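Visitor: 3D model of this:
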Amino acid sequence: MLSNPILPCSFTNKLATAAAPLSTKEIVELGEEFHLWLKQNFNQYEVDQLVRARADYVDNVLQKIWCQHHLDEHQISLLAVGGYGRGQLHPQSDVDILILTQDKISKELEQYIGSFITELWDVRFDIGHSVRSVKECIKQAIKDVTIATNLLESRLICGNELLADQLQPHLNKSSFWPTEKFFIAKRDEQTKRHSQYKGAAYTLEPNLKANPGGLRDIQNISWVALRYFKADNLEDLVAHQYLTRNEYFELIECQDYLWRMRFALHIVAGRSENRLLFDHQGKVAKMMGFGEDGKAPIERMMKRFFRVINYVSELNQMLLQHFDQAIINDPKKQIQTDIDKDFILIGNLIQVRHERAFTRPEIMMKLFLVIAQNPKIRGIHSKTIRLLRNTRRRLIAGLNDYAECRRLFIEIMKHPNGLGRAFNLMHKHEVLGSYLPEWRNIVGQMQFDLFHAYSVDEHSYRLIKNLYRFSLPEHNHEFPLASKIMQKIRKPELLYLGGVFHDIAKGRGGSHSELGAIDALAFGKMHNLPAPDYRMISWLVKWHLLMSVTAQRKDISDPAVIQKFGEIVRDEDHLDYLYCLTVADMRATNESLWNSWKANLLNDLYFATKRAFRHGLEKPVELRSKIRENKQKALQVLDSKNITPQSVQPLWQQHKLDYFLRYTPEQISWHSRHIICHDKTKSLVLVSDKPYRGGTEVFVYTKERANIFATTIAFLGMRRLSIHDAKVLTSKDGYTLNTFVVLDAKNQPIKDLYVMDEIKQHLSAVLDQKEEIEVVLKPVPQKLKQFSFPTKVSFIKHSNKKVTALEIVATDRPGLLAEFSSVFQEQQLNVHMAKITTYGERAEDVFIISNKNDLPLSQSEQDQLESLLCSHGTPEELKIN
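Guide: Alright, predicted model coming up:
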């Protein structure tokens with residue numbers, strides 16, 4: 001039985017085994033009172049006291065129910081195992097128990113045990129239980145290290161003490177999970193768990209228990225210490241000289257912070273929840289005392305969380321290395337090899353020769369250059385990790401204050417292997433933050449949305465690693481164009497430094513691109529880089545969003561768009577650098593949102609701009625020659641299909657010139673060969689069997705009328721297809737020539753021929769019926785509600801003075817695009833183009849429109865449209881508020 005001075009007597013007195021029996025209802029009500037007490041006292045006691053109070057309370061409940069089911073009259077024992085065995089239970093944690101029996105038990109006892117377990121569920125405990133004899137326990141534990149670990153932490157709650165005592169000698173035998181075997185199993189278990197997170201601890205909805213650097217990593221240290229030293233707690237590692245006193249206190253502080261987060265999360269979620277979902281972060285931050293004024297408290301809480309898990313990861317790595325050397329003691333790992341006067345190699349780990357080596361700051365930077373230069377080095381020795389940690393904390397100023405450190409840092413950036421393992425370890429051990437004070441400010445900086453999957457520093461790190469990956473020929477198949485460009489770039493270090501600075505000013509207020517560009521200039525001058533080099537880095541930082549925005553939100557088939565983009569980019573060198581940075585940036589933001597559509601848009605923009613440079617920006621494309629070229633190439637394709645020019649000329653005479661500019665020769669020939677043999681009294685719908693820019697084209701040819709665009713949008717939305725691009729044209733004789741580029745629910749082009757045929761048949765039938773599809777704008781999903789914001793509409797400049805361009809920024813949800821389309825229809829507006837872009841919970845759509853007279857919208861028409869779009873697009877809960 002645990003002893004906990006803070007558990008109120010009002011609970012223990014009611015549960016005293018000698019007192020009157022309690023009904024299931026009474027125990028449930030008592031449990032509700034206890035959980036309310038935990039919540040009310042969250043800020044009154046240390047979290048260590050609270051988790052032990054809950055374990056003590058559960059002990060009392062189990063003892064009471066054990067006796068009420070007459071199990072105290074039998075020669076069996078009730079043991080707590082796992083976290084409960086350690087005497088630590090969070091508000092909704094599972095209660096893991098072992099009922100220890102003799103080798104054989106009677107039918108009557110089986111029934112008693114069954115009714116006991118049933119009542120535990122009835123009183124709302126999440127029970128994990130097993131019923132085994134001592135012999136069965138040992139047999140199962142030998143097969144499974146998790147069972148063995150649970151038994152090592154077991155303790156008696158009630159029942160036969162003599163029987164429980166029989167278990168311990170078996171667990172203490174050297175043959176039962178020998179220390180070396182146990183250590184290897186727990187280390188491998190941790191490695192496997194970490195691999196599920198793809199090396200990223202800084203995800204924005206972390207698992208407090210399983211995340212790298214989370215509670216499980218602290219427990220792993222405790223388990224190995226328990227098996228090796230028979231240590232009862234982490235403090236024993238100080239006596240065994242595996243931890244310093246300061247490191248022990250740091251580890252306990254980290255554990256307490258993670259425990260407080262988990263404790264608060266259980267109370268907020270009302271269930272056993274270890275993943276800190278966006279839904280819960282605001283309430284957890286409030287409980288932990290970070291405040292309740294919007295995103296700021298969450299960002300403060302998460303920033304501290306990310307730093308905590310980094311400390312835990314570092315201590316975990318250091319201690320597991322110590323254990324490896326002490327427990328396994330592999331002679332191969334102890335072989336010493338000289339590197340130079342400052343470093344030696346122990347096995348494959350680098351170690352400084354002298355404990356005072358880092359009093360010279362440049363040796364800290366030299367460590368990572370040596371790692372880049374020596375491929376045999378696989379990591380940093382635990383003794384050197386400890387020295388790094390201590391030196392890092394004692395630094396008065398940034399390492400970049402020292403000229404030799406600056407020289408070494410640039411040398412690392414320039415080294416062919418510098419952005420490999422050396423950079424990984426600089427990031428992991430926070431040396432980047434020690435070198436660049438600006439970087440330290442973004443460590444753990446949260447990006448509170450569903451678009452960014454990582455903290456700012458983790459995103460920047462992953463961007464730089466993507467760039468480095470482009471430089472390795474073995475990965476050419478992943479991003480062929482980016483790899484080809486990266487491997488021919490003369491100074492890749494400029495790209496790496498652009499990656500370092502591209503988001504370094506986030507969280508300061510103002511434009512992070514412009515502020516970061518200023519930082520990059522200062523960095524370049526401080527490091528004595530040639531002026532063209534630091535100007536390139538600064539330019540990349542300032543314009544790092546330009547290419548993605550242009551590709552996704554503008555019509556890149558429009559020569560004017562390419563002209564304007566090219567004027568900013570200037571030349572092919574800048575284009576090459578910007579393309580690689582953009583691909584690496586988009587991939588590092590959120591891998592799940594990257595798709596072939598975005599990849600192809602960037603490629604097309606790159607090649608279109610390259611052609612413009614070679615043709616000469618001062619010589620824009622002559623539109624009529626472009627039209628002639630597209631027609632001629634289309635005729636060549638048609639000729640290969642045995643279709644003569646004479647058969648398509650009547651059709652082409654009905655097309656406006658814009659059609660031949662906005663569609664490729666392949667698209668023109670595809671449309672033409674189907675239209676000329678189609679009954680024009682019926683709608684024609686084509687679905688491309690080959691991807692166009694990584695998406696599937698849906699082409700609609702039908703007699704023009706008011707609701708064609710809105711009906712098509714609604715139909716495709718009902719099929720769970722996401723629309724990324726729309727071209728809307730009308731022929732001289734009043735037929736639509738509309739194309740929608742779509743992706744399926746998996747963010748892929750449509751590949752199923754049956755689905756393609758279904759779209760063709762059903763959409764053409766819907767259009768022929770001339771009935772509108774009712775648009776149902778679904779409520780914002782629960783996960784998105786805290787990210788909801790009012791719809792914003794802005795009218796933007798466009799090169800064509802005959803149309804109006806508008807941008808709509810709204811909370812994305814099913815039916816949103818169809819809702820906007822219905823507004824356009826009601827206002828009798830013509831949609832000429834749509835670029836649909838989604839950034840997590842945020843939809844940013846651009847439309848090119850005109851009024852019913854094919855004129856740009858007047859100010860009054862703009863005001864009315866803005867009002868309607870904001871009203872229709874804003875989530876209901878925000879309207880009420």
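Visitor: use CA for all of it now, contacts and neighbours both
Guide: Noted.
Visitor: and the helices in the stretch 201-350 of the chain?
Guide: Taking DSSP state H, counting those that start in this stretch as the test, the helices found in the stretch 201-350 of the chain are 215-229, 236-239, 245-269, 278-287, 295-323.
Visitor: for E33, find the nearest of those.
Guide: Across those, E33 has its closest neighbour in helix 245-269 (13.3 Å, Cα to Cα).
Visitor: contacts for that closest one?
Guide: Here helix 245-269 makes contact (Cα atoms under 8 Å, 6 or more residues apart in numbering) with 39, 42, 47-48, 90-92, 208, 214-215, 218, 234-235, 238, 272-274, 276, 280, 283-284, 287-288, 305, 308-309, 311-312, 315.
Visitor: ok, of those residues, which come out buried?
Guide: 39, 42, 47-48, 90-92, 208, 214-215, 218, 234-235, 272-274, 276, 280, 283-284, 287-288, 305, 308-309, 311-312, 315 (16 or more other Cα atoms under 10 Å).
Visitor: look up the closest residue to L167, ignoring the ones flanking it.
Guide: Sequence neighbours aside, V134 is the residue nearest to L167 in space, at 5.9 Å (criterion: Cα to Cα, 6 or more residues apart in numbering).
Visitor: and what of L729?
Guide: With Cα to Cα, 6+ apart, the residue lying closest to L729 is L737, at 5.1 Å.
Visitor: quick one, phi/psi of that neighbour?
Guide: Torsion angles at L737 (phi, psi; degrees, to the nearest 10) stand at phi -130, psi 70.
Visitor: from S596, how far out is it?
Guide: Look at L737 and S596: by Cα to Cα, to the nearest Å, they are 25 Å apart.
Visitor: then K801?
Guide: Counting by Cα to Cα - K801 and S596 are separated by 33 Å.
Visitor: what about the two, which has more around it?
Guide: Neighbours of K801 and S596, each counted by other Cα atoms under 10 Å, are more numerous for S596; the result is 17 against 10.
Visitor: in this structure L684 contacts Y701, no?
Guide: Yes - assessed by Cα atoms under 8 Å, L684 is found in contact with Y701 at 5.0 Å.
Visitor: how about low-confidence regions in the stretch 501-650 of the chain?
Guide: For the stretch 501-650 of the chain, applying pLDDT under 70 flags the ranges 618-621.
Visitor: where along it do the helices fall?
Guide: Using DSSP H, counting those that start in this stretch, the helices of the stretch 501-650 of the chain run over 512-526, 531-542, 546-553, 559-569, 572-589, 596-615, 623-640, 645-653.
Visitor: give the residue farthest from the middle of this protein.
Guide: Distance to the chain centre peaks in the chain at Q646, reaching 55.9 Å (criterion: Cα atoms, centre = their mean).
Visitor: tell me who's in contact with it.
Guide: For Q646, no contacting residues are found, by Cα under 8 Å, 6+ apart.
Visitor: likewise A843?
Guide: For A843, the contact set (Cα under 8 Å, 6+ apart) comprises 808-812, 836-837.
Visitor: what stretches of the chain score poorly on pLDDT?
Guide: For the chain, the stretches with pLDDT under 70 are 1-5, 17-19, 198-202, 448-450, 618-621, 770-786, 876-881.
Visitor: tell me which residue is most central in it.
Guide: Closest-to-mean residue, the chain, Cα atoms, centre = their mean: A453 / 2.7 Å.
Visitor: ok, it touching T589?
Guide: Yes - between A453 and T589 a contact is recorded at 6.1 Å, counting by Cα under 8 Å.
Visitor: overlap in contacts of those two?
Guide: The contact lists of A453 and T589 share H459, where a contact means Cα under 8 Å, 6+ apart.
Visitor: before we move on, the earlier item: ok, the residue farthest from the centre of the chain to L638 distance?
Guide: From Q646 across to L638, the span is 11 Å (Cα to Cα).
Visitor: for T24, same thing?
Guide: Separation of T24 from L638 (Cα to Cα): 81 Å.
Visitor: how about F306?
Guide: Note on F306: its distance to L638, by Cα to Cα, is 60 Å.
Visitor: now L425
Guide: Taken as Cα to Cα, the span from L425 to L638 is 58 Å.
Visitor: likewise R394?
Guide: Counting by Cα to Cα - R394 and L638 are separated by 74 Å.
Visitor: got it, and G291?
Guide: Per Cα to Cα, G291 is found 68 Å from L638.
Visitor: neighbour-wise, which of these two wins?
Guide: A side-by-side neighbour count of G291 and L638, using other Cα under 10 Å, places L638 first with 21 against 18.
Visitor: next one: the more buried one from Q653, what distance?
Guide: Separation of L638 from Q653 (Cα to Cα): 17 Å.
Visitor: for G82, same thing?
Guide: 79 Å.
Visitor: again with P691
Guide: For P691, the distance to Q653 equals 28 Å [Cα to Cα].
Visitor: who has more neighbours, these two?
Guide: Using other Cα under 10 Å as the criterion, P691 and Q653 rank with P691 on top: 19 against 12.
Visitor: please enumerate the strands of the stretch 101-250 of the chain.
Guide: 127-133, 155-159 (DSSP state E, counting those that start in this stretch).
Visitor: looking at those strands, which is closest to Q140?
Guide: Of all those, it is strand 127-133 that lies closest to Q140, at 9.5 Å by Cα to Cα.
Visitor: Provide the contact partners of that closest one at residue level.
Guide: Contacting residues not belonging to strand 127-133 are listed as 94-103, 120-121 [Cα under 8 Å, 6+ apart].
Visitor: make a markdown table out of the strands of the stretch 101-250 of the chain and add mean neighbour count and distance to I464.
Guide: Shown next, in a markdown table, are the strands of the stretch 101-250 of the chain (neighbours: other Cα atoms under 10 Å; distance: least, Cα to Cα, whole Å):
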| stretch | mean neighbour count | distance to I464 |
| --- | --- | --- |
| strand 127-133 | 15 | 45 |
| strand 155-159 | 22 | 50 |
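Visitor: still on that earlier bit, so the residue nearest to L729 makes contact with F709?
Guide: No - using Cα under 8 Å, L737 makes no contact with F709, being 10.8 Å away.
Visitor: common neighbours of those two, please.
Guide: By the contact definition Cα under 8 Å, 6+ apart, L737 and F709 are jointly contacted by V728.
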